[in-house]
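Participant: Return atomic coordinates for the entry below.
(chains A and B)
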Amino acid sequence: GENVEQHPSTLSVQEGDSAVIKCTYSDSASNYFPWYKQELGKRPQLIIDIRSNVGEKKDQRIAVTLNKTAKHFSLHITETQPEDSAVYFCAASTNQAGTALIFGKGTTLSVSS
Amino acid sequence: DVKVTQSSRYLVKRTGEKVFLECVQDMDHENMFWYRQDPGLGLRLIYFSYDVKMKEKGDIPEGYSVSREKKERFSLILESASTNQTSMYLCASSLGDRVKAFFGQGTRLTVV
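Facilitator: Residues are numbered from 1 along each chain as shown, chains lettered A, B, ... in the order given. Okay, the predicted model is just below:
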């Protein structure tokens, strides 16, 4: 089955800096890669996703890149703000009916002002 | 707006009890999932269902079972609760072959 590794487990940055979180996956059939943000005490929320026919996707200050050959994908947050502090999870799936997202272990991002 | 609702936010149960965690979604989603969240271990898949009465084991199904009698409801059952099942349980749902999943608010279960 799919296995997703995520690094780093914790990340501390100063406000305004960039943050990068990296994930690798094992199943070459995976073709859907979402990122979820979980604020303290709240449910995970989808913030951005990418499919395997796209190499990069941006949404304001966040972007995701995908390298299918190397089987890794990354989340980039620019101009970080204190409200970006949260746990971020990457996931992978084959995007077929009857399949499930497999998640990484999460990255705790702390943005200090 | 998709709504996934878990019946309890907090539960305290005794060792050996049979425990039911309920999840309901209101968007006619085919797929429903149960994950367990523990610090440092992320979200681990327990079971999922892609249709009524259908179920598939995830990565950590031992000690758990599930029931999906209606499309909107997916129940997680702990047959005989143990202290190592103390955890946050998250339900999620998604539409057909679109794996974009929406999560419930979570149930924090403590087994004493």
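Participant: got the residue ranges for the helices in chain B?
Facilitator: Using DSSP state H, no helices are found in chain B.
Participant: need the residues of it near chain A, please.
Facilitator: B:30-31, B:33, B:35, B:40-45, B:48, B:50-51, B:56, B:58-59, B:90, B:92, B:96-106 (CB under 8 Å from any CB of the partner chain). For glycine as for every other residue, the C-beta is placed from the backbone atoms N, C-alpha and C.
Participant: Generate a PyMOL selection restricted to the buried subset of those.
Facilitator: Typed into PyMOL, the next command selects the buried ones out of the residues of chain B next to chain A (criterion: 16 or more other CB atoms under 10 Å in any protein chain shown):
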select buried, chain B and resi 30+31+33+35+42+43+44+45+48+50+56+58+90+92+99+101+102+103+104+106
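Participant: Narrow the residues of chain B next to chain A to those in strands?
Facilitator: The strands, defined by DSSP state E, take in B:31, B:33, B:35, B:42-45, B:48, B:56, B:90, B:92, B:98-103 from the residues of chain B next to chain A.
Participant: got any ranges where chain A has weak pLDDT?
Facilitator: For chain A, residues meeting the criterion pLDDT under 70 lie at A:95, A:97-98.
Participant: For it, which residues are neighbours of chain B?
Facilitator: A:1, A:6, A:9, A:32, A:34, A:36, A:42-46, A:49, A:89, A:91, A:93, A:95-106.
Participant: So what sits opposite B:Phe102 in the bridge?
Facilitator: B:Ser93 (DSSP bridges).
Participant: Contact partners for it?
Facilitator: A:Leu46, B:Val2, B:Val4, B:Gln25, B:Met27, B:His29, B:Ala92, B:Ser93, B:Ser94 (CB atoms under 8 Å, 6 or more residues apart in numbering or on different chains).
Participant: Now, of those, which are buried?
Facilitator: B:Val4, B:Gln25, B:His29, B:Ala92, B:Ser93, B:Ser94.
Participant: got TSV for those residues, with pLDDT too?
Facilitator: Listed next are those as TSV, based on pLDDT from 0 to 100:
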residue	pLDDT
B:Val4	96
B:Gln25	96
B:His29	92
B:Ala92	96
B:Ser93	94
B:Ser94	90
